[in-house]
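1. A predicted structure for the sequence below; I have some questions about it.
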Amino acid sequence: MTSVRINVEHLARVEGHGDIRLVMEDGQVTCCEMAVVEPARLFESMVRGRSFEEVPYIASRVCGICSASHVVTDLRAIEHAFGVTVTDRTRALRELLVYGSYLQNHATHLFVFAAPDFLGHKSVFPLADSNPELLQKALGLKALGNELCTLVGGRSIHPITAVVGGFTHEMDSAEYRCMADAMDEARAFALEAVDLFRDFDTVDVRTEGDLLAMVAPGAYPVCTSDAARFVRSGDEFSAQDVEEAIEEYPVGHSGAFLARVRKTGRPYMTAALARVNASWDALCKDARYAAAKAGLRPPELNPFANNIAQAVELVDVLDRCAALCRRLADGDFEGTSEPVPFTVRAGRGVGFTEAPRGALFHLLELDGEGRVQRASIMTPTAQNIANLEADMRQLAETMAAAGYDADLIRLEIEKLVRAYDPCLSCSVH
C-alpha cells in the first residue's frame, strides 16, 4: 500500500490564511480539506441594530479589494427593502464602481498571485527582476482601477459617495473622457494578458460541481440583475430567494461555512469562469475574440481556466468602462445620479452583485426605523470552498493515476487553489 500525505501550512499568495490537508492511500483520496484558519469576523453582528445609513460603510470593511462590491450589494438590499428604484445614471455609476474593483483584483491576482506558479517562481519578486515591464504594466492596470474607484466612489477602497438612492458626488465630463482614453490605452496589455495565460500548461480536469452566475437577457451583468443561474443544470432563482436555493453548513476542519445547492446537495463554483460560461454571447467583441483565441468557449469546466476568464474580463471591463464613461460624459442616461427620495420602512431585501471573485449576496431585515434586525453575508469564497475541495480531490486522484509524485501533486493542488482566487479572510462569518 502506498500512502501520500500533503500538508501545506499557511498557503502562500492568497488573501487570508488557510491550510491544505490531503491524504491518499493507493491512489485514492481519503482526506481532502481546505482548512480556513481565520477567526470569526462577525460581519452580521457588527451591523445588527445599526441604521441603514451606516451599514454600507461597515459592510465595505469586509474586504479591501471587493469593498465597492460590498457597498453596492448592501445598497441594493436596502433599496429592495424600502422599495427604492434608482435612475439609469446611478446604475451606470455603480457598474463603473464595481468594474474598478475588477481591475484592482484581477490584475493583482493574475500577475502577483497566479503568474509565478506558471513561471517557476515562489513569489512575485523574481518575476519583478526577470520581467519588470510585465509587472509594471500589471500594476498599472491595478492603479487604473484605483483611480476609477476614487473618481466614482471618493476613495480607492471603502467608497463614500455611493448612498441609498444614488451618489453624493459625480466627476465632470472632462474626467470621464480622460478615464475613457486611459481605458483604451490599457486594452493592448489586457489582450497580451489573455495570450500569456493561454500559453500556460494546466492539468486537464473538469470541475465537480455546478457554476453560479448573475444573468440577464442580452447582458453581461455585474450589479443590474436579480436573477442567478446554475449554468450546468440551467436552474434559475431570484436573489430574494437565495436562502431557498443555497444552503450554508459548517464543517469541523474550517472556520468558514461551506455552501451547496439546496435542491441537489451539490457544490458549485462562482467566479469569472462562471460568468463567462453564463454570458459568453454578451462579452464585448474584443473580449469574446480573445477568449475564443485562447480556447475559452462554453462549456469550459476546467477550474484552472478561471485565470484565463479573469484575463478575458480585463479586456471586457476596459471596453465597457470606456463606453460607459463616454456615455456619462455626453449625458446619455436618463435622470441624475442624485439620491432619489424614499421612505424608511420595515422590510427584507437581498442585494446581489458579481464581485470580482463571484456571486455576492447580502440579506438584510430592517425595522420601521431602518435598523438592522438580521443580516447575512454570503461571499464568493465561502460559496466556493466545498467545490474547491471536490476539485482538489479529483485533481489529486487524476495525477496519481498518471504517475505523478507527491511534490508535483502538491504544486498543482496549490495552483488550483490560487486559480480559484480565494479570499479566505472573507469566507468566515
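-> Received the coordinates, thanks.
2. State the mean pLDDT of the one helix or strand M392 maps to.
-> Per DSSP states H and E, M392 falls inside helix 380-401. On average, the pLDDT along helix 380-401 is 95.
3. Can you spell out which helices and strands pack onto it?
-> On a contact count with 3 or more Cβ pairs under 8 Å, 6 or more residues apart in numbering; DSSP states H and E, helix 380-401 meets strand 18-25, strand 28-36, strand 258-261, strand 268-269, strand 358-366, helix 406-419. (Glycine included, C-beta is placed from N, CA and C.)
4. most packed of the ones you listed?
-> Highest mean neighbour count among the helices and strands packed on helix 380-401 (mean count of other Cβ atoms under 10 Å): strand 268-269, with a mean of 28.
5. What would the helix or strand following it look like as CSV? C-alpha coordinates only.
-> Of the helices and strands lying after strand 268-269 in sequence (DSSP H and E), the nearest is helix 272-279. Coordinates of the C-alpha atoms in helix 272-279 are reproduced here as CSV (Å, rounded to 0.1, in the frame of the first residue of the first chain):
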residue,chain,number,x,y,z
ALA,A,272,-15.1,34.8,-13.6
LEU,A,273,-15.3,31.3,-15.2
ALA,A,274,-19.0,31.0,-14.2
ARG,A,275,-19.7,34.5,-15.7
VAL,A,276,-18.0,33.7,-19.0
ASN,A,277,-19.9,30.4,-19.3
ALA,A,278,-23.2,32.1,-18.4
SER,A,279,-23.0,35.2,-20.5
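6. any residues touching helix 272-279, and which ones?
-> 106, 211-215, 219-221, 229, 231, 283, 291, 296, 298-300, 303, 305-306, 309-310, 312-313, 354, 356, 358-359 (Cβ atoms under 8 Å, 6 or more residues apart in numbering).
7. Using neighbour counts, give me the buried entries of those residues.
-> Neighbour-count burial (16 or more other Cβ atoms under 10 Å) applied to the contacts of helix 272-279 gives 106, 211-215, 220-221, 229, 231, 283, 291, 296, 300, 303, 305-306, 309-310, 312-313, 354, 356, 358-359.
8. Tell me which of those residues fall in helices.
-> Counting by DSSP state H, the members of these that fall within helices are 106, 291, 306, 309-310, 312-313.
9. Could you identify the most distant pair in these?
-> By the measure Cβ to Cβ, H106 and A291 form the most distant pair in these, at 14.1 Å.
10. could you give the mean pLDDT of stretch 30-49?
-> Rounded mean pLDDT across stretch 30-49 is 90.
11. Ok, stretch 85-102 next?
-> If you average the pLDDT over stretch 85-102, you get 97.
12. where in the chain is pLDDT low?
-> 1 (pLDDT under 70).
13. tell me, what residue is most central in it?
-> Centroid-nearest residue in the chain, with Cα atoms, centre = their mean: R357, separated by 1.5 Å.
14. Regarding the residue lying closest to G349 once chain neighbours are set aside, what is its secondary structure?
-> Using Cβ to Cβ, 6 or more residues apart in numbering and skipping residues adjacent in sequence, the residue nearest G349 is H80, 3.1 Å away. Under DSSP: H, G, I helix; E, B strand; the rest coil, the three-state class of H80 is helix.
15. the strands in the stretch 201-350 of the chain, which residues?
-> 210-215, 227-230, 236-238, 246-249, 258-261, 268-269, 347-355 (DSSP state E, counting those that start in this stretch).
16. Those strands into a markdown table, with extra columns for distance to S173?
-> Listed next are these as a markdown table, based on distance: least, Cβ to Cβ, whole Å:
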| stretch | distance to S173 |
| --- | --- |
| strand 210-215 | 30 |
| strand 227-230 | 34 |
| strand 236-238 | 37 |
| strand 246-249 | 42 |
| strand 258-261 | 44 |
| strand 268-269 | 41 |
| strand 347-355 | 27 |
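17. can you tell which of the helices and strands packed on helix 380-401 is closest to V72?
-> Closest among these, once you apply Cβ to Cβ, is strand 358-366, at 9.1 Å.
18. next helix or strand past that closest one?
-> Proceeding N to C from strand 358-366, the next assigned helix or strand is strand 372-378, under DSSP H and E.
19. Okay, angle between that following strand and strand 358-366 too, please.
-> Interaxial angle of strand 372-378 relative to strand 358-366 (axes from the mean of the first three to the mean of the last three Cα atoms, to 10 degrees): 170 degrees.
20. Report the buried residues of the helix holding M392.
-> For helix 380-401, by 16+ other Cβ under 10 Å, it's 380-400.
21. repeat for stretch 198-216
-> Applying 16+ other Cβ under 10 Å to stretch 198-216 flags 198, 202-203, 205, 207-216 as buried.
22. now swap in stretch 174-187 and tell me
-> The neighbour-count check on stretch 174-187 (16+ other Cβ under 10 Å) flags 175-180, 182-183, 186-187 as buried.
23. related to what we said a few turns ago, quick one: the helix holding M392 to strand 18-25, angle?
-> 30 degrees.
24. mind saving the C-alpha coords of helix 380-401 as PDB?
-> What follows is helix 380-401, C-alpha atoms only, in PDB (Å, rounded to 0.1, in the frame of the first residue of the first chain):
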ATOM      1  CA  PRO A 380     -17.900  34.100  -3.200                       C
ATOM      2  CA  THR A 381     -15.100  32.300  -1.400                       C
ATOM      3  CA  ALA A 382     -17.400  30.900   1.300                       C
ATOM      4  CA  GLN A 383     -19.600  29.500  -1.600                       C
ATOM      5  CA  ASN A 384     -16.600  28.100  -3.400                       C
ATOM      6  CA  ILE A 385     -14.800  26.100  -0.800                       C
ATOM      7  CA  ALA A 386     -16.900  22.900  -1.000                       C
ATOM      8  CA  ASN A 387     -16.400  22.800  -4.700                       C
ATOM      9  CA  LEU A 388     -12.700  23.600  -4.400                       C
ATOM     10  CA  GLU A 389     -12.300  20.600  -2.000                       C
ATOM     11  CA  ALA A 390     -14.100  18.400  -4.500                       C
ATOM     12  CA  ASP A 391     -11.800  19.600  -7.300                       C
ATOM     13  CA  MET A 392      -8.700  19.100  -5.200                       C
ATOM     14  CA  ARG A 393      -9.700  15.500  -4.600                       C
ATOM     15  CA  GLN A 394     -10.300  14.900  -8.300                       C
ATOM     16  CA  LEU A 395      -7.100  16.600  -9.300                       C
ATOM     17  CA  ALA A 396      -5.000  14.500  -6.800                       C
ATOM     18  CA  GLU A 397      -6.500  11.200  -8.000                       C
ATOM     19  CA  THR A 398      -6.100  12.100 -11.700                       C
ATOM     20  CA  MET A 399      -2.400  13.000 -11.200                       C
ATOM     21  CA  ALA A 400      -1.800   9.900  -9.000                       C
ATOM     22  CA  ALA A 401      -3.300   7.700 -11.700                       C
END
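25. Having no further points to raise, I will conclude here.
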